[in-house]
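J.: I would like to see how this sequence folds:
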Amino acid sequence: MIEMTRRTLLTASGAAALLSMLPASAQAPAMPPARMIRTNGIRLAVYEAGSGPAVILLHGFPGLAYTWRRQIPALAGAGYRVIVPDLRGYGQSDAPAAVEAYDIAHLTADLTGLLDALGLGKAVFMGHDWGGLLAWQMALLHPKRVAGVVAVNTPFRPHWTLWLHRDLVAAARPSARNFIADPASDPIAQMRKVYSPDMYVLMFQDGKWADAAMERDPRRALRSAYRKNLMRSTEWDKLPPEVANMEYYGKPIPDRLPGQDVLTAAELDFYTMQFKRTGFTPAINWYRNISRNWKAGASLDQTIRVPSMMVSAAEDVVLRPGMTAGMEKYVPDLEQHTVADYWHWTPEEKPAELNRLTLSWLARRFPSERPGRV
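T.: Coordinates of the predicted model:
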C-alpha cells in the first residue's frame, strides 16, 4: 500500500485522483471516473456508467461506492445508466461534523438532490446493508422519485424495528422467543431491554469508544468485518452469548480470523485508504440517528408502493432470510429470492448471482433498449 499523509489525502482532487495514485492491481476491476456533485449542501463523489433507465446503487457499512465494482459493468452493459455515490460521510464525499447531519431526512435529501442535479425524475434504488435501509426509506419519504427498489440482504421492517425482529431477539435472549416489537416505542429503548450494552448498534449510541477502537488499525478492523465462508447460520446461535448479542465491534481482534477474506489485499488497501481519510465516526453516525428517524416517521404510512425485489443471503446471521416473512404486508409488489452459500457481503461474495437476479428483474419491470444476458 502506498503511504500518504493525511494532508495529502484531504487535498486530493477527488476519487479519480486517489484512484490514480494506486498501483494498477489495486484498481481492478476498474471503476468509472468519479465527479463531485453538489447536492443538499454537500458534495458527493459519484461514479457513472452507461445510459438508459437510471439505477442508483447505495452501499452499506462499512462500504463505499467501490462495493458495487462488479455490478456497474453488468448493469451498464445491459443498457442502464448506473449512478453510484460514496454516500454522505464515506470515501471522497463530504462528511459533516454534526451527528444530526446523518439522519434520514439528510440522507434521502442527498439522493433527491442528486436526481435533480442529474436531471432525473426518478430512478430504481438498489441498496445493500444500510444502503438497503436507505432505499426503503426513499420509497416511503419520496415515493415520486423512486421507480423501484432492489434490497440486498436488508428486509423492510416498519418503524425502524429491524434489530428487534423476533429471530434476532430469540438468539440473544432465548427466554424472549415471543417478543413482539412495539412500533410506537423508541426502537433503541426497546433494544436496551433485549441486548447487552456491547451489542454493536447500542455501543455506537454510547460514546465513540467503538470508533476509536476501529480507527487504531483500520485495515485490521475492515479485514475482520469482511469475512465469508463462516459457519452455517444454524450453528451460529449455539455460540457464546456475546456472539448472539452481536458484539461485533470494539473487541480485540484475534490473530487468526474465522472464515475467508472477502477482499483481496489490493481491494482491502483501497478500503483502508478511504477510511483512514474519513475515520469511522461519520459512517457510525448513521446508527446514532435511529431514534431520531423513528420519531420523525412515527405517523408515516409504512407501505412501500413501488415494484420491489428482495435478495436474501441464506447464511447472513444479522439480516436473516427469515426476517422477510410477512414483508408482503408492507411491500405488496414484492419478488423474493434467497441465495444459498453466502453470508453478508453479497455484491462482493456472489456478484454473478446478484447480477443475474438483478438483470432478470430489471428486464421484466424496467426494460432497457439494450437488454443484456440474464
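
J.: helix, strand or coil for Glu335?
T.: Of the three states, Glu335 takes strand under DSSP: H, G, I helix; E, B strand; the rest coil.

J.: ok, for it, nearest residue in space, not its chain neighbours?
T.: Distance criterion CB to CB, 6 or more residues apart in numbering; nearest residue to Glu335, sequence neighbours excluded, is Met309 at 4.6 Å. Placement of C-beta: from N, CA and C, glycine included.

J.: doesn't that neighbour fall inside a strand?
T.: Yes - when three-state DSSP is applied, Met309 is found to be in a strand.

J.: I figured it hits Ser360, correct?
T.: No - applying CB atoms under 8 Å, one finds Met309 not in contact with Ser360, separated by 9.2 Å.

J.: between those two, point out the one with more neighbours.
T.: Between Met309 and Ser360, counted using other CB atoms under 10 Å, the more crowded position is Met309 (24 against 14).

J.: show me what contacts that one?
T.: The contact partners of Met309, taken as CB atoms under 8 Å, 6 or more residues apart in numbering, are 148-151, 334-337, 357-358, 361.

J.: how far away is it from Pro197?
T.: According to CB to CB, to the nearest Å, Met309 and Pro197 sit 36 Å apart.

J.: now do the strands in the stretch 251-374 of the chain.
T.: Remark: strands assigned in the stretch 251-374 of the chain by DSSP state E, counting those that start in this stretch are 260-261, 308-313, 334-339.

J.: make JSON lines from these and add mean pLDDT to it.
T.: Listed next are the strands of the stretch 251-374 of the chain as JSON lines, based on pLDDT from 0 to 100:
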{"stretch": "strand 260-261", "mean pLDDT": "94"}
{"stretch": "strand 308-313", "mean pLDDT": "97"}
{"stretch": "strand 334-339", "mean pLDDT": "96"}
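
J.: dump these to CSV, plus distance to Pro53.
T.: Formatted as CSV, these follow (distance: least, CB to CB, whole Å):
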stretch, distance to Pro53
strand 260-261, 35
strand 308-313, 15
strand 334-339, 17
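
J.: deepest of these, which one?
T.: strand 308-313 (a mean of 25; mean count of other CB atoms under 10 Å).

J.: tell me the pLDDT at Pro307?
T.: Turning to Pro307, the model gives it a pLDDT of 98.

J.: my read: it touches Gly148, true?
T.: Yes - using CB under 8 Å, Pro307 makes contact with Gly148 at a distance of 4.4 Å.

J.: so for the two, which residue has more residues nearby?
T.: Counted by other CB under 10 Å, Pro307 and Gly148 do not tie: Gly148 has more neighbours, with 23 against 20.

J.: the more buried one: which element?
T.: strand 146-152 (DSSP states H and E).

J.: now that strand: mean pLDDT?
T.: On average, strand 146-152 scores 98.

J.: can you list contacts of that strand?
T.: Contacts of strand 146-152 (CB under 8 Å, 6+ apart): 53-54, 122-129, 131-132, 135-136, 138-139, 304, 306-311, 346-347, 354, 358, 361, 365-366.

J.: just those: which are in helices?
T.: Cross-referencing the contacts of strand 146-152 against helices under DSSP state H gives 131-132, 135-136, 138-139, 346-347, 354, 358, 361, 365.

J.: take those residues and write them to a markdown table, including neighbour count.
T.: Shown next, in a markdown table, are those (neighbours: other CB atoms under 10 Å):
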| residue | neighbour count |
| --- | --- |
| Gly131 | 27 |
| Gly132 | 27 |
| Ala135 | 30 |
| Trp136 | 26 |
| Met138 | 27 |
| Ala139 | 23 |
| Thr346 | 23 |
| Pro347 | 26 |
| Leu354 | 26 |
| Thr358 | 25 |
| Trp361 | 21 |
| Arg365 | 18 |
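
J.: out of these, who's nearest Pro240?
T.: Taking CB to CB as the measure, Pro240 sits nearest to Thr346 out of the ones in helices among the contacts of strand 146-152, at 26.8 Å.

J.: quick one: that closest one and His128 touch, right?
T.: Yes - Thr346 lies in contact with His128 (CB under 8 Å); the separation is 6.2 Å.

J.: give me the common contacts of these two.
T.: Joint contacts of Thr346 and His128 (CB under 8 Å, 6+ apart) are 152-153.

J.: on that earlier part again, mutual contacts of Pro307 and Gly148, please.
T.: Arg365.

J.: spatially central residue in the protein, please.
T.: Nearest to the mean C-alpha position of the chain, by CA atoms, centre = their mean, lies Gly60 at 1.7 Å.

J.: no more questions from me, cheers.
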